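Q: Okay, sequence plus prediction incoming.
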Amino acid sequence: MAGAELEDLCSHINDKISHVKKILQLRNIGHDPALKTVFWKIRNEMNHLNDLLNKLELEVQYQEHVRNSLRELQESLDENYKEIHNLKENIPPHLPKVVQKCVVEPNVNPEQQVKITASEHPEKPPKEQKPIKEMLLLTSDEFDNVPAYMKSRLTYYQINDFIKEINKAVASKYRILYLPKRTMNSSTRNLYHKFIEDETKDTKGQYFVVEADIKEFTNLKVDKRFHVILNILRHCRRLSEVRGGGLVRYVIN
């Protein structure tokens, strides 16, 4: 038994000696001027490969985000289709019915009377809703060109999710502004007047929100991360700021 243990010990020591020799050989190779160029090329290739892997990871995250968005859109379309089908099959009885009226002319044969189909209560065509401007999502190239110190640990899809929330706030605000006043309840009317008060001559014809609008219509927190992302969006020319009256107005470019 003692002999076997001694053999194991010798084998272990020989392995260590072999590893040390290999390390010394690699160290000597590293100082060889003829091989330094090769090592630098390998190092540069590894760095380049690492950058490609990082970009690939971002692209995978973006594609997953797009896939989820498309899935949500598909579910929404399916729900809308079901609702439309249900409405079609269950038309309320109080809606105006289409009737046929027969117009009789004096000197015309009754067999040649013309039937005119018309609604009992013709309605005016609805007014077209004004289009509401949206902030464009960042492209992957734009995200790559944002300085690293500015991005910190933020990812591509986190910034685009933030943009979608800002667009939600803008859409909610301007839908209220475009409502006929006679259709507004008291809370909506109060919001309407507040939005009007926030406007200045510099924001005329522009679409903008303030922090109060963002808190009203989204779940975004106005914290350090919030201002970091705003800084990125200003850098990418997605929005600009108009200050005055103690307010910062975030204008969609």
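A: Received the coordinates, thanks.

Q: Let me know the helix or strand that Arg175 is in.
A: Arg175 is part of helix 156-177 when elements are defined by DSSP states H and E.

Q: In that helix, which residues are buried?
A: By 16 or more other C-beta atoms under 10 Å, the buried positions in helix 156-177 come out as 156-157, 159-160, 162-163, 166-170, 172-174, 176. Using the backbone N, CA and C atoms, a C-beta is placed for each residue, glycine as well.

Q: Going by distance to Leu87, which of the residues you listed wins?
A: Nearest to Leu87, judged by C-beta to C-beta, of the buried residues of helix 156-177 is Ser172 at 25.4 Å.

Q: now the closest one: how far from Tyr207?
A: Distance, Ser172 to Tyr207, using C-beta to C-beta, to the nearest Å: 12 Å.

Q: what about Glu64, neighbour count?
A: Neighbour count for Glu64, taken as other C-beta atoms under 10 Å: 11.

Q: For it, give its distance to Ser18.
A: According to C-beta to C-beta, Glu64 stands 47 Å off from Ser18.

Q: same check, this time on Leu233
A: 59 Å.

Q: higher neighbour count, these two?
A: Using other C-beta under 10 Å as the criterion, Leu233 and Ser18 rank with Leu233 on top: 21 against 10.

Q: Now do the helix or strand harbouring the more buried one against helix 156-177: the angle between them, please.
A: Using DSSP H and E, Leu233 falls within helix 224-235. In terms of direction (axes from the mean of the first three to the mean of the last three C-alpha atoms, to 10 degrees), helix 224-235 departs from helix 156-177 by 80 degrees.

Q: Mind giving me the packing neighbours of helix 224-235?
A: Here helix 224-235 touches helix 148-151, helix 156-177, strand 239-244, going by 3 or more C-beta pairs under 8 Å, 6 or more residues apart in numbering; DSSP states H and E.

Q: Quick check: buried residues in that helix?
A: Val228, Ile229, Leu230, Ile232, Leu233.

Q: The closest residue to the last one other than its chain neighbours bridge partners, please.
A: Same thing as Leu233. With sequence-adjacent residues excluded and distances taken as C-beta to C-beta, 6 or more residues apart in numbering, Leu233 is closest to Leu239, at 5.1 Å. Here Leu239 sits in beta bridges with Ile252, going by DSSP bridges.

Q: Can you tell me which of the buried residues of helix 156-177 is nearest Leu247?
A: Among the buried residues of helix 156-177, Lys173 lies closest to Leu247 (C-beta to C-beta), at 13.9 Å.

Q: Which helix or strand contains the closest residue to the closest one other than its chain neighbours?
A: If the residues on either side of it in the chain are set aside, Lys173 comes closest to Asp213, at 5.3 Å by C-beta to C-beta, 6+ apart. In the assignment (DSSP H and E), Asp213 maps to helix 211-217.

Q: So what's the gap between that helix and the chain middle?
A: Distance, stretch centre to chain centre, for helix 211-217: 18 Å (C-alpha atoms, centre = their mean, to the nearest Å).

Q: Give me the mean pLDDT for it.
A: If you average the pLDDT over helix 211-217, you get 95.

Q: and Val210, how many neighbours does it have?
A: 18.

Q: give me phi/psi at the closest residue to it other than its chain neighbours?
A: Excluding the flanking residues, the one nearest Val210 by C-beta to C-beta, 6+ apart is Leu247, at 5.3 Å. Dihedral angles phi and psi of Leu247 (degrees, to the nearest 10) take the values phi -120, psi 150.
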